[in-house]
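Visitor: what would the 3D arrangement of this be:
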Amino acid sequence: MSPQSTSPVAATQVELTPIALGNLTGVFIMAGATSSLFGPLLLTFSHHFSVSLATSGEALSVYFVGALVGVLPGWWGLKRTTGRRVLTTSLLIVATGTLSSGLANNWSVFLSSLFLLGLGFGSLDMTLNVLLSRTALEGRAHRLSFTNAGYGLGAVICPLVILLARPQNYPGIFIGLATLALVLCTFNRGVYAPPLRVAGPGHGGASRPQRWSILVSFIGAYVFYVALETAASGWMSSQLQRGGYSTSLGSIITAAFWVGMTLGRSLGGPLHRLFNDRRLVLGGLTVAILLDLSATSNHVALVSYPVLGFVLASVFPMGLVWYTRLLPHDSDGVIIILFAMMAGGVLGPGTVSVLVSHLGVHVIPWTFASFALIDLAIFTSILRFRPVEGH
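Guide: Below you'll find the predicted structure:
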């Protein structure tokens, strides 16, 4: 593909050198590590800042509020400047947020720092997925699955690092992540991602009502998917700890959840060839409901939560493939989905936090199952749409 191509699709297609693709995977690893910090550390935050467990859960909500807001400047940047600049700026914000979080000794200052970290993460997460969804159609499912597997790998590594470094030493982990973000800034040279503004207003032949019907359905589906993933990864450790298991075991099960997620996404390409995007999304959510219900037993949860990570792994990347197949030239739609889905990061952990404060930890797996059921219903409703042919 020549960068000088004049067609709208070619003009906005992203090209990545092998080093750049590897670096994007590294950024996903760092993002996964950052997001997985909170679950195993909620009790530590509670003790360190002298707040209740339910209050410490606000850390997750504030982080994802920042992520929701952070998508907006990232979106603005992608439409007006290169993807490489947006990536670098987002990484610098993440570095600042993690460093200030690690140094904070006051709960309000800590939450403010997490909000800043969320801003960078929201822009970063949206940018990474938009760039990958704009790469060549051939191999797109593999690239989305493979790089998103890096997110799971980071989320595996971080709970294990917490276990080895001891939870009370979490400031050092935050500072280490800030350093990693700065290092990753230096490897973005191989990203060719022109501004989205050259794409024009077309939506590949879709009428406005048709396009918005598809888009709104995917927005709802992704909000509840993110609610499920963030609530599960953030609260499963607390459920097990309050159920009598050690903090170390809670961290190990959280890591095992992300091991399952990593394995599932690493197999995304072969699985897509066997089952297609729709079957992977709908089948994964169906099995997820059963696993969440089985996790009402703390003993069974030791197995069902790691398996949950595996079956959820394909939902996120294959959902994006499904959307781009229905509306192949709607670049703005992907950004809108990735922006709106951040609301799930507030909805999921926030809902669990409120329910735990009123009903106790036994409500946690039931809440997960409810999110999965709603998400399955929304994705199933999308089966009524057919791909829109481009002009």
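
Visitor: chain center to the longest helix anywhere in the chain, what's the gap?
Guide: When the chain is parsed with DSSP state H, its longest helix is helix 208-242. Distance, stretch centre to chain centre, for helix 208-242: 10 Å (Cα atoms, centre = their mean, to the nearest Å).

Visitor: same for it, what does it pack against?
Guide: Judged by 3 or more Cβ pairs under 8 Å, 6 or more residues apart in numbering; DSSP states H and E, helix 208-242 is in contact with helix 38-48, helix 58-80, helix 247-266, helix 298-312, helix 315-326, helix 331-340, helix 342-359, helix 364-381. Backbone N, C-alpha and C define where each C-beta goes, glycine included.

Visitor: tilt between the third one and helix 38-48?
Guide: I take that to be helix 247-266. 150 degrees (axes from the mean of the first three to the mean of the last three Cα atoms, to 10 degrees).

Visitor: and helix 247-266 with helix 208-242, angle?
Guide: Computed by the same axes, to 10 degrees, the angle between helix 247-266 and helix 208-242 is 150 degrees.

Visitor: next: the fifth one.
Guide: Relative orientation of helix 315-326 with respect to helix 208-242: 170 degrees, computed using the same axes, to 10 degrees.

Visitor: can you start the count at 707 instead of 1 from here on
Guide: Done: numbering now begins at 707, and the last item shifts to helix 1021-1032.

Visitor: got the contact list for helix 1021-1032?
Guide: 835, 839, 846-847, 850-851, 854, 920, 924, 927-928, 931, 935, 971, 974, 978, 983-984, 986-987, 990-991, 1036, 1039-1040, 1043, 1081, 1085, 1088, 1091-1094 (Cβ atoms under 8 Å, 6 or more residues apart in numbering).

Visitor: at 6 Å what do you get?
Guide: Residues from elsewhere that reach helix 1021-1032 (Cβ atoms under 6 Å, 6 or more residues apart in numbering): 839, 847, 850-851, 854, 920, 924, 931, 974, 983, 986-987, 990, 1091, 1093.

Visitor: next one: the first one
Guide: When contacts are taken as Cβ under 6 Å, 6+ apart, the neighbours of helix 744-754 outside the stretch itself are 759, 762, 765-766, 865, 868, 873, 876, 939-940, 943-944, 957, 960.

Visitor: where does pLDDT dip in this structure?
Guide: Residue ranges of the chain with pLDDT under 70: 707-718, 903-913, 1037, 1095-1097.

Visitor: how many neighbours does Ser1076 have?
Guide: 18 (other Cβ atoms under 10 Å).

Visitor: what does Gly950 give?
Guide: 8.

Visitor: and it, how far is that from Val1067?
Guide: Using Cβ to Cβ, to the nearest Å, Gly950 is found at 11 Å from Val1067.

Visitor: same deal with Leu823?
Guide: Counting by Cβ to Cβ, the gap from Leu823 to Val1067 is 27 Å.

Visitor: how about Thr1073?
Guide: 11 Å.

Visitor: over to Ser1087?
Guide: Applying Cβ to Cβ to Ser1087 and Val1067 gives a distance of 32 Å.

Visitor: more neighbours, these two?
Guide: Val1067 (18 against 12).

Visitor: span of stretch 831-847 from start to end?
Guide: For stretch 831-847, the separation between the terminal residues is 17 Å (Cα to Cα, to the nearest Å).

Visitor: residues in contact with it: which ones?
Guide: Residues from elsewhere that reach stretch 831-847, judged by Cβ under 6 Å, 6+ apart: 719-720, 777, 780, 789, 792-793, 849-850, 899, 978, 1026-1027, 1030, 1040-1041, 1044.

Visitor: please redo it, this time with the cut-off set to 7 Å
Guide: 718-720, 722, 730, 733-734, 737, 773, 777, 780-781, 784, 789, 792-793, 796, 849-850, 853, 899, 974-975, 978, 1026-1027, 1030, 1037, 1040-1041, 1044-1045 (Cβ atoms under 7 Å, 6 or more residues apart in numbering).

Visitor: alright, that wraps it up for me.
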